[in-house]
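[1] how does the following fold in three dimensions:
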Amino acid sequence: MSEVERSDMKKKRIQKGVMTGFIILVLISAWLFIVKYGIDMSKKYMDEALTRVEMRSLENHQALVEENASLNIEIKDLNTDIENLRSEVGSLNEDIQLFSLEVNSLKSSIDTIDTSVTNSVEIQAEIGTRIQELENRLQELKNSLNILLEAPNE
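    Here you go, the predicted model:
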């Protein structure tokens, strides 16, 4: 091999090395560009996803706050209704006690009337018996008077 051939081969090797280095550099640069682009895209996706999650969270929070306010109003209304019902129950209990007293009074009056009626029936029976006795005595007196009238006057 001649010197020229050697020098050509050396040049070719150098060119091949430079080319290989250049290709490796281009590939590494492309790889770094792809990785950086992938990282940027995933960062952008993550940022957008976090933004969507935050927006949903804010919407849900606002909905929960509104629902909580609505429930608080309903609870206040229910508490008012409960208090009204309690006062009505208290009033009904008072009415029941009054009716109970009236019923007891009526029972007492009925017992008194029943006793009076029983006594009245007994008194009527006694009066009937006495009237009968008086009628019997009156009849006896009439008979005696008739006897006296028929007797001679001496």
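[2] distance of S2 from K16?
    To K16, S2 is 20 Å away according to Cβ to Cβ, to the nearest Å. Backbone N, C-alpha and C define where each C-beta goes, glycine included.
[3] which one's more surrounded, those two?
    With neighbours defined as other Cβ atoms under 10 Å, S2 and K16 compare such that K16 has more, 11 against 7.
[4] how about that one, phi and psi?
    Backbone torsions of K16, given as degrees, to the nearest 10, read phi -60, psi -40.
[5] so where's the protein shaky on pLDDT?
    Within the chain, the ranges that satisfy pLDDT under 70 run 1, 117, 151-154.
[6] what do you get if the cut-off is 80, keeping everything else the same?
    Residue ranges of the chain with pLDDT under 80: 1-2, 4-6, 111-121, 123, 144-154.
[7] for the chain, which segments are assigned as helices?
    Counting by DSSP state H, one finds helices in the chain at the ranges 3-150.
[8] report the central residue of it.
    Residue closest to the average C-alpha location in the chain (Cα atoms, centre = their mean): L78, at 8.3 Å.
[9] for that one, give its distance to L85.
    Distance, L78 to L85, by Cβ to Cβ: 10 Å.
[10] repeat that for T20.
    According to Cβ to Cβ, T20 stands 93 Å off from L85.
[11] swap in T118?
    The gap separating T118 from L85 is 47 Å, by Cβ to Cβ.
[12] and E94, how many residues sit next to it?
    10.
[13] same deal with M9?
    Using other Cβ under 10 Å, M9 has 12 other residues around it.
[14] adjust the sequence numbering to begin at 12 for everything that follows.
    With 12 as the first residue, the last one maps to M20.
[15] tell me who's in contact with it.
    For M20, the contact set (Cβ atoms under 8 Å, 6 or more residues apart in numbering) is empty.
[16] equivalent analysis for D51, please.
    Per Cβ under 8 Å, 6+ apart, neighbours of D51: none.
[17] for the residue nearest to the centre of the chain, give its distance to G28.
    According to Cβ to Cβ, L89 stands 88 Å off from G28.
[18] repeat for E144
    The value you get for E144 to G28, if Cβ to Cβ is used, is 164 Å.
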